[in-house]
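[1] Return atomic coordinates for the entry below.
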Amino acid sequence: MGRLQGKVVFLTGGGGVLGRASTLLFAQEGARIAVVDMLKDKAEETVRQVLANGGDAIALEADVTDEIAVQTAVAATIAHWGYLNILFNNAGIMPHQDESVVDMDVQRWSRIYAINVQGTALCCKYAIPHIIQAGGGAVVNMSSFMAFMGCIKPQDAYAASKGAIVALTRSLAVQFGKENIRVNALCPGPIETEHVRQFFADPAARKIRLDRVPMGRFGRPEDVAELALFLSSDATSWLTGQAITLDGGISCNYFSVLE
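    Numbers count the residues shown, from 1 in each chain. The predicted structure is shown next:
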C-alpha cells in the first residue's frame, strides 16, 4: 500500500516542474490529486501523465491570488472526492528581475508577495476547514533556504516572502495541532530547472555556486518531491511547525572554495 493511499491532495502550481514531479510521486503512492495551476493546459498535462500511469487526478484552473478562484477550486475538489487530507502550497514565483530593496519595484514586490504569501494563506483559509472535517492531515508550504540566508546577488522580495511563509507555517502549526493537522515548510536550495539555470548561465558563475554545495550538485525536482511526500505522509505524525532545509549542505558551508 502506498504512503498516501486514499488521501486527497490539493496541490498548487501543479503544472510547473516541481509541482509535476510531486504530483507524479504522490499519485504513485496512492494519492488522489487536485492539480491546481493558473495555466489550465499545464495542469491538464500533469493530469494526463498521472492518468497514463494509472493514477487519479483532476485539473483545476485557479490563480492563487484570487480568493473566489481558490474557494471554487477547493469546492470542486470536495465535490469530486468528498474530502481533503493534504494541502501542498507549491505555487510561487521567483522573478529574475527581483533585486535589492533599495532598487525596489513596488509593483513587482507586491506581485511576489501576492502569489507567494497571500496565495499560500488563501489556500490555507479554504482547505484547512475540510482537512479538519476529515479528521486531520498535513499542510506543506513551499518556502526556500533564502528564508534563512542572504545573498550577494539579492532577491529581497522573494527572500522576504519565503521568510513570511516560515512564520505563517509556525503560527498555523500552533493553531491547528489540536485538530491533528501538521504544518511544515519545505525550504529548497537551488533546484536544477530551466528557470534556475538562467540565474547562472555563465559556466564560471555556475561553478562558483556549485563549489559551495558539499554534495557537489544542485537539487533535482525529484528531491523536492520526495521531501514533500515525507512531510505529507503519516511518517511525520509528530513533526509540525518545522522548516526543513533541502540544499545539499549549502547553508552549513562557511567557505565556498579555499584559495
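[2] Could you identify the helix or strand that succeeds the lowest-mean-pLDDT helix or strand in the chain?
    Ranked by mean pLDDT, DSSP states H and E, the weakest helix or strand in the chain is helix 194-197, scoring a mean of 74. Going down the chain from helix 194-197, the next helix or strand is helix 203-210, by DSSP states H and E.
[3] Pull the residues that contact the helix or strand just after that following helix.
    Note on helix 203-210: by DSSP H and E, the next helix or strand toward the C-terminus is helix 221-232. Contact partners of helix 221-232, identified using CB atoms under 8 Å, 6 or more residues apart in numbering, comprise 3-4, 7, 9, 17-18, 20-22, 24-26, 29, 86, 88, 90, 138, 140, 182, 184, 186, 188, 191-193, 236, 239, 244, 246. Quick note: C-beta positions are derived from backbone N, CA and C, even for glycine.
[4] ok, and for stretch 20-34, which residues are buried?
    For stretch 20-34, the neighbour count (16 or more other CB atoms under 10 Å) marks 20-29, 31-34 as buried.
[5] For S256, give me the pLDDT.
    Here, the pLDDT recorded for S256 equals 62.
[6] now swap in V8 and tell me
    V8 is given a pLDDT of 99.
[7] ditto for K153
    Looking at K153, its pLDDT is 82.
[8] Am I right that it sits in a helix?
    No: checked against DSSP: H, G, I helix; E, B strand; the rest coil, K153 lies outside a helix; its state is coil.
[9] Distance of it relative to G137?
    Applying CB to CB, to the nearest Å, the value for K153 to G137 is 38 Å.
[10] Longest strand in this structure, please.
    As assigned by DSSP state E, the longest strand anywhere in the chain is strand 181-188.
[11] Using CSV, list the CA coordinates for that strand.
    Extracted as CSV, the C-alpha positions of strand 181-188 are listed here (Å, rounded to 0.1, in the frame of the first residue of the first chain):
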residue,chain,number,x,y,z
ILE,A,181,-3.1,18.9,11.4
ARG,A,182,0.7,19.1,10.9
VAL,A,183,2.0,22.2,9.2
ASN,A,184,5.6,22.3,7.9
ALA,A,185,7.6,24.3,5.4
LEU,A,186,9.9,22.8,2.7
CYS,A,187,12.9,25.0,2.1
PRO,A,188,14.9,24.0,-1.0
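[12] Compute the inter-axis angle for that strand and helix 221-232.
    With axes from the mean of the first three to the mean of the last three CA atoms, to 10 degrees as the basis, strand 181-188 and helix 221-232 are set at 160 degrees to each other.
[13] Give me the contact list for strand 181-188.
    Outside strand 181-188, the residues within contact range by CB under 8 Å, 6+ apart are 128, 131-132, 136-145, 147-148, 162, 165-166, 169-170, 172-173, 176, 219, 223-224, 227-228, 231, 236-237, 239-247.
[14] residue contacts, G177?
    Applying CB under 8 Å, 6+ apart to G177 gives the contacts 240-241.
[15] what about K153 and G137, which has more around it?
    G137 (25 against 10; other CB atoms under 10 Å).
[16] who does the more buried one bridge with?
    In this structure, G137 bridges to I181 when assessed by DSSP bridges.
[17] ditto for the one 4 residues further on
    When bridges are called by DSSP bridges, N141 pairs up with N89, A185.
[18] Pull the number of nearby residues for it.
    Neighbour tally, N141, other CB under 10 Å: 28.
[19] what's the offset of stretch 238-254 from the middle of its chain?
    For stretch 238-254, the separation from the chain centroid amounts to 15 Å (computed by CA atoms, centre = their mean, to the nearest Å).
[20] Quote the end-to-end distance of that stretch.
    With CA to CA, to the nearest Å as the measure, the ends of stretch 238-254 fall 32 Å from one another.
[21] Residues contacting stretch 235-245, please?
    The contact list for stretch 235-245 (CB under 8 Å, 6+ apart) reads 3, 138, 143, 145, 147-148, 166, 169-170, 173-174, 177, 181-187, 189, 227, 230-231, 251.
[22] I appreciate the help and will end here.
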